Each structure stands twice: as structure tokens, then as C-alpha cells.
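Participant: Give me a model of this one.
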Amino acid sequence: MLINGLTNDYKQIVEQKGIFGILEYEKDLSVSADNAYEQYFMSKMNVRRRQVIISLENDACRMEAGALQWMVGNITVDTDVKDTSDFLGKVMKGAVTNESVVKPLYSGTGCIVLEPTYKFPIMIDVAEWGPQGVTISDGMYYASEKTVGVGIATRKNISSSILGGEGIFNVNLSGSGIAVLESEAPMTELVEIELQNEELRLDGKYAVCWSTSLDFTVEKATSTLAGSLVSKEGFLNVFRGTGKVWISPVASYKSILNSSVGSQVQKVAKTARNFIPFG
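Facilitator: Numbers count the residues shown, from 1 in each chain. As a prediction, this is how the structure comes out:
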């Protein structure tokens with residue numbers, strides 16, 4: 001099997017772990033006169049297309065349904081749906097975790113290329129998160145090696161869903177092997193906090209993923225509700241125990257654009273386009 005043009009001076013494999021590689025486009029050359037200005041500044045701000053490349057050699061991987069762009073080689077696809085009851089169970093899991101119902105298993109020898117994304121594919125070694133694995137935020141699962149178990153982590157109290165913003169259910173990855181997450185922030189912006197029978201408190205939905213062994217609750221910022229209201233901190237997401245937490249301290253792109261400030265920024269950007277020359 002010979003594949004030409006997958007990499008060149010404008011697109012390179014920037015990271016490789018196990019069967020996964022991250023292909024990053026330095027420039028988006030397929031632009032028109034209508035969007036060349038935006039694409040120019042996007043490339044300067046690291047807003048680039050990225051694709052996950054999967055190389056199979058008598059191996060298998062699981063990935064998010066609909067993520068496939070193309071594949072070549074002797075590869076078979078198994079939806080892993082046994083019967084109607086199994087399908088309904090997967091539907092329920094997908095509904096509570098904001099993930100697709102079925103995660104197909106691709107087996108054999110060949111090359112798989114996933115759809116381009118402007119998000120940041122991040123590869124993690126699941127075994128490094130402890131025997132219970134790692135819990136990830138909703139919608140972040142992208143792909144994983146066949147040795148990685150994909151299940152559901154359930155919060156111990158309902159307050160996590162109502163007050164913490166993380167939901168009662170999240171995807172849990174366990175076992176060993178590499179998994180790929182689709183993140184709103186690059187790895188260089190994430191902060192890793194290692195807890196040793198300690199406590200981490202977050203004022204907001206900043207946790208990207210965390211050791212499943214940690215106890216996650218939502219609590220008042222102070223000992224009394226009145227004190228929390230006065231301090232203007234309200235409720236905090238609290239992680240206790242021994243394990244790791246990855247947090248993204250910078251507000252996500254979507255949350256900024258959806259804010260009133262974001263709409264004003266977009267108006268200014270459109271106005272500035274008429275006055276700021278290239279270069």
C-alpha cells in the first residue's frame with residue numbers, strides 16, 4: 001500500500017503515539033477570495049485544521065461514529081450491536097453522555113483518516129490514570145485502541161448534574177492503551193494537578209478529565225449558603241482523593257462567541273477587515 005501526498009511542506013505529523021498520529025495543516029491552501037483574509041489570520045493564531053491518522057497492522061481501534069473521512073487496506077467494521085436490547089442500552093448511554101450511540105470497531109491492516117477538525121486532538125495513555133481509568137467531559141471522546149474499555153462513570157450525588165455543570169454521567173476510559181480526546185484547548189494550555197489525598201476546588205466547568213478514583217462532588221464555597229452568596233462564589237466543583245485532574249483555565253472559544261462580549265468582538269473584527277491590510 002502506497003499513499004502519496006498525505007504529508008508535505010504544508011502538513012506534517014506533529015505527534016505520534018501508538019497507532020495514532022496527529023496531522024496538522026500549517027496553512028489552509030484550499031481558500032477562495034471570499035475567505036482568504038479570515039484564513040490568513042486564523043493560521044497566525046494557530047486556528048488550523050488537524051486530522052487523526054490511524055495505522056493498523058493486524059490491529060483494531062474504536063472511534064466516534066461519523067468521524068471517518070476515508071480508509072484504505074483490508075479493514076472490516078463492526079458496530080458492536082448484538083441485538084435490539086443492546087442497541088437500546090447504547091442509546092441510553094449516548095443520551096446521558098452527549099456521545100454517539102455506537103462506536104464502531106475497525107479491525108485489520110491499513111490506514112484510517114478521520115475528518116478534519118479545528119479542535120485539538122489530545123492523546124492520552126489510559127493506564128497512567130490509575131486502575132479505575134479516566135473520566136472525560138461530555139463530547140470529548142474521539143478514538144481509542146481496542147485495549148481501552150469505554151464505559152460510563154456515574155456521579156455519587158445528583159448535585160453534580162444540577163449545580164456543577166458536569167452532569168451525572170460521563171464517559172469512563174479504562175484498561176490500557178492510547179485514547180484520543182477532542183479538546184477545545186491545546187495541551188499547552190491545560191494544567192495538570194496531581195492530588196495526594198488532597199482536595200481541588202474549581203469555580204466553574206474547567207475540568208477536562210480526571211482520575212475516576214477521585215471523589216467528585218459539588219459543594220457551597222463556604223460553610224453556609226449565606227456566606228456563599230456574600231462571597232459571590234456560589235457552588236464549587238470539588239475533587240478529593242489521590243489522582244490527577246486536567247483543567248483548562250481559559251474560557252472556551254464557543255463560550256466567548258456566545259457571550260455579549262463575543263458578539264461585539266465579531267463586529268469589531270468585521271469592521272477592521274476593511275482597514276487593516278495584509279502583512
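Participant: Run through the stretch 51-200 of the chain and note the low-pLDDT ranges.
Facilitator: Scanning the stretch 51-200 of the chain for pLDDT under 70 picks out the ranges 80-101, 155-168.
Participant: Residue 126 - how many residues pack around it?
Facilitator: Here the count is done by other Cβ atoms under 10 Å, and residue 126 has 21 residues near it. Heads up, the C-betas are built off the backbone N, CA and C, glycines and all.
Participant: what are the phi and psi angles of it?
Facilitator: Backbone torsions for residue 126, taken as degrees, to the nearest 10, come to phi -60, psi -40.
Participant: Could I get the full set of helices for the stretch 151-279 of the chain?
Facilitator: Secondary structure of the stretch 151-279 of the chain (DSSP state H, counting those that start in this stretch): helices at 159, 225-231, 253-257, 260-272.
Participant: if you average pLDDT over the longest one, what comes out?
Facilitator: Meaning helix 260-272. Over the span of helix 260-272, the pLDDT mean works out to 48.
Participant: could you pull out the strands for the stretch 51-200 of the chain?
Facilitator: Assignment of strands within the stretch 51-200 of the chain using DSSP state E, counting those that start in this stretch yields the ranges 68-78, 105-114, 120-125, 134-136, 141-145, 148-154, 169-175, 178-183, 191-202.
Participant: how deep is residue 110 tucked in, by neighbour count?
Facilitator: Using other Cβ under 10 Å: residue 110 sits among 18 other residues.
Participant: again with residue 59
Facilitator: If you count neighbours by other Cβ under 10 Å, residue 59 ends up with 17.
Participant: Equivalent analysis for residue 142, please.
Facilitator: By other Cβ under 10 Å, the burial measure for residue 142, its neighbour count, is 23.
Participant: what does residue 248 give?
Facilitator: The local packing count at residue 248 equals 18, with neighbours defined by other Cβ under 10 Å.
Participant: And it, how far from residue 19?
Facilitator: Residue 248 sits at a distance of 26 Å from residue 19 (criterion: Cβ to Cβ, to the nearest Å).
Participant: Please apply the same query to residue 237.
Facilitator: When distances are taken as Cβ to Cβ, residue 237 and residue 19 turn out to be 34 Å apart.
Participant: ok, these two, which is more surrounded?
Facilitator: Applying other Cβ under 10 Å to residue 237 and residue 19 shows that residue 237 carries more neighbours, namely 24 against 20.
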